[in-house]
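Visitor: What shape does this take:
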Amino acid sequence: MARYGHGFEAKGPLSANFDRETPPVAMKQIIPSSRRLQCANVGVGILIFLSLCLCGLTVFQWVVQTRLTRLVEEERLEANKLRGERQEFENKSRRYSDEVARVTEMRIKLEEERKTNLVELRRTTVELSKLRNDFLYATNYAAQFSNALAQANTNIALQNKRIEETVASLRKAMEERNDIATKFNEKVRQYAELVTNYNAMATQYEDFQKQVKEMMEKQAEKK
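Guide: Numbering: from 1, shown residues only. This next block holds a predicted model:
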């Protein structure tokens, strides 16, 4: 008796022939099963390999995305910082420009006052010269006609009064001239101080412009 897979038994006189013919059939049944198992194992391995590749690709993509996000955030923070610094420099530039404009306006105003004072000084000088000439004329006249004036008390009194008025006017004119000269000297001193401050602020403004230019060049190089 011969026993084969699936509970099949060969009996009788044909059992010998059946035993010789059956094994090839059994091998045919076993071989496909083994191939299917191998193919299944290969497929599972491929699926596992592909899954691992997909996981690795996902992790790599996550790492790259994280780094890119961090870099973008750093660039954004740096850009905001540079934008803030640029705004601060622009505000300082506007303040310096306003201050320079104010100083320039004051300088122009002082220059106009100086011109006005010069005109007033010339006018006062002319009047003073005229009064001096009148005084010299009156003095010479008094010296030439002192004897005649001695005989005319009334005329002498009038002449003396005129001389006194002339001297008073001259003294007043000289005092006004001295006051104008003092004011003029004070204005000149203020103007000199203003020019010094203006030159200092102009130097600071040029230095600030250089700093702004250097900052813009550095920002352009970073981009």
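
Visitor: where do the strands sit along this protein?
Guide: Using DSSP state E, the strands found in the chain span residues 2-4, 8-10.

Visitor: Give me the nearest residue to the residue positioned nearest the centre of the chain, chain neighbours excluded.
Guide: Nearest to the geometric centre of the chain sits F89, at 2.1 Å (Cα atoms, centre = their mean). Spatial nearest neighbour of F89, excluding adjacent residues (Cβ to Cβ, 6 or more residues apart in numbering): V212 at 5.1 Å. For the C-beta atoms, the positions are set from N, CA and C on the backbone; glycine is no exception.

Visitor: if I look at that neighbour, how far off is V100?
Guide: Distance, V212 to V100, by Cβ to Cβ, to the nearest Å: 15 Å.

Visitor: and if you look at L118?
Guide: For L118, the distance to V100 equals 26 Å [Cβ to Cβ].

Visitor: Mind checking which of these two has more residues around it?
Guide: V100 (15 against 12; other Cβ atoms under 10 Å).

Visitor: Would you agree that one is in contact with Y205?
Guide: Yes - counting by Cβ atoms under 8 Å, V100 does reach Y205; the two are 6.1 Å apart.

Visitor: Test my guess that the residue nearest to the centre of the chain contacts E214.
Guide: No - using Cβ under 8 Å, F89 makes no contact with E214, being 10.6 Å away.

Visitor: buried set for stretch 173-184?
Guide: The neighbour-count check on stretch 173-184 (16 or more other Cβ atoms under 10 Å) flags 173, 177, 180, 184 as buried.

Visitor: Map the structural domains onto the sequence of the chain.
Guide: 20-74, 101-223 (automatic domain parsing).

Visitor: and the longest one, how far out from the chain's middle?
Guide: In terms of Cα atoms, centre = their mean, to the nearest Å, the centre of domain 101-223 is set 43 Å apart from its chain centre.

Visitor: quick one: average confidence on that domain?
Guide: Mean per-residue pLDDT for domain 101-223: 82.
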